[in-house]
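S.K.: Quick one, what's the 3D model for this:
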Amino acid sequence: MDNQLDLIESIAPEMIDVFLRRFDILRNIGLMSPVGRRMLADRLHLTERVLRSETENLRKQGLISSSQAGMSLTEEGRRVVNGLDDLANQLLGLNSQEKQLAQRLGIDKCLIVRGDSSDDSNVMKQLGSVLNETLAKMLPEGNNTIVAMGGSTMAIVAKELTPVLSDKRTLMFVPGRGGIGASVAKQANSVCSTMAARTGGQSKSLYIPEQLSKDTYHPLLNEPSVKAVLELIASGNVAIHGIGRADDMARRREVDSATKEMLREQKAVGEVFGCFYDKEGQIVYRVSRIGLQLEDAQKFNHVVAIASGHDKADAIQAYMNFAPKQTVLITDEGAANVILKK
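M.R.: Next comes the predicted model:
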């Protein structure tokens, strides 16, 4: 396939250029819809005249529709974008980059979406679409228990899951932890509820504070409602989680000033499963919590980590020093480029 593409480019380089330009237009309409021509032209760095010509061709082919609110993909347009995504990635060299990144990080697989979420929040939607495609290939038929963590990234990607995941499957989404801070929408309970609603599955909730004192921690383990969720976590076949920057997570977890200072002194770069770690992947601080523990993640058949943006590159790379080897990382070019250049 690679050789064939090289041959095509040698005799008709403009064909590949046109394909990539039109695919990029379709992909961005899908992410931004409904979107006006001027905003889309600015996003793609195209003149309005060029964009008008391209979108008119795409409209005639039945791939986009227009309304007063702006342009949107048709059902056929969505089918085309999903079907050609792998080819576009190959033409852009992302497939090769994915293999390099997985080898560099020492994990099972990496999937890279175009863009940098540190500069463009729309990239997060692409992460969600890739998660949906990954789960569609990963989940076996029958009963599946999916343990999902909370966080900003998880709250966004949860909205991109679709009912296709419930085809010949019964899905149960279980929170890997209790609440965190004041933002209910980012809590694992809410993420699981959204995933269940989007896919036609079911969800459970873990109604406990995430951060607990040692005196409170052990008695709660014997509460029937808590035990039931913990048993589901233990029987899960897929875990999905984000990766946070240490400074962001210390603020969100509302840790005290002494702990924040300790994390700075220890040069913590990231946080996952309640564990703060440095650049070498050494854990420097652990939050007392009920739910999915770092050690538990090793037992899952599949682990999907979702994190992106150039500002998370250090946190992603350091975590992979102790991440489960069966981890599939879904990230973007922003993070991948930083890691591969080191």
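S.K.: okay, CA-based contacts and neighbour counts for the rest of this
M.R.: Fine.
S.K.: So, low pLDDT: which residues of the chain?
M.R.: Where the chain drops to pLDDT under 70, the residues are 1-13, 179-182, 209-219, 221.
S.K.: Break it down into its domains, please.
M.R.: Residue ranges for each domain of the chain read 2-91, 94-341, as given by automatic domain parsing.
S.K.: what's the distance between residue 25 and residue 37?
M.R.: According to C-alpha to C-alpha, to the nearest Å, residue 25 stands 11 Å off from residue 37.
S.K.: Please, where are all the strands along the stretch 151-300 of the chain?
M.R.: 169-175, 202-203, 238-242, 244-245, 268-272, 275-278, 283-286 (DSSP state E, counting those that start in this stretch).
S.K.: In the next helix or strand after the last one, which residues are buried?
M.R.: Going back to what we said before, that points to strand 283-286. The helix or strand immediately downstream of strand 283-286 is strand 302-306, counting by DSSP states H and E. Neighbour counts over strand 302-306 (16 or more other C-alpha atoms under 10 Å) mark 302-306 as buried.
S.K.: same question, stretch 334-342
M.R.: Those would be 334-339, for stretch 334-342 by 16+ other C-alpha under 10 Å.
S.K.: Format the residues you listed as TSV; extra columns: secondary structure and distance to residue 251.
M.R.: Formatted as TSV, the buried residues of stretch 334-342 follow (DSSP: H, G, I helix; E, B strand; the rest coil; distance: C-alpha to C-alpha, whole Å):
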residue	secondary structure	distance to residue 251
334	helix	24
335	helix	22
336	helix	26
337	helix	27
338	helix	25
339	helix	25
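S.K.: Present those residues as TSV; the columns should include distance to residue 77.
M.R.: Output for the buried residues of stretch 334-342, formatted as TSV (distance: C-alpha to C-alpha, whole Å):
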residue	distance to residue 77
334	27
335	29
336	28
337	30
338	33
339	34
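S.K.: residues touching the residue nearest to the spatial centre of the chain, list them.
M.R.: Closest to where the C-alpha atoms of the chain average out (C-alpha atoms, centre = their mean) is residue 306, at 3.7 Å. For residue 306, the contact set (C-alpha atoms under 8 Å, 6 or more residues apart in numbering) comprises 127, 153-154, 240-243, 329-331.
S.K.: please redo it, this time with the cut-off set to 7 Å
M.R.: Going by C-alpha atoms under 7 Å, 6 or more residues apart in numbering, residue 306 touches 241-243, 329-331.
S.K.: out of the residues you listed, what pair is the most spread apart?
M.R.: 241 and 331 (12.3 Å; C-alpha to C-alpha).
S.K.: more neighbours, these two?
M.R.: A direct count of neighbours by other C-alpha atoms under 10 Å for residue 241 and residue 331 places residue 331 higher, at 30 against 22.
S.K.: That one falls within a strand, correct?
M.R.: Yes. Assessed with DSSP: H, G, I helix; E, B strand; the rest coil, residue 331 lies in a strand.
S.K.: Make a markdown table out of the contacts of residue 306 and add distance to residue 202.
M.R.: Shown next, in a markdown table, are the contacts of residue 306 (distance: C-alpha to C-alpha, whole Å):
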| residue | distance to residue 202 |
| --- | --- |
| 241 | 19 |
| 242 | 21 |
| 243 | 25 |
| 329 | 25 |
| 330 | 24 |
| 331 | 27 |
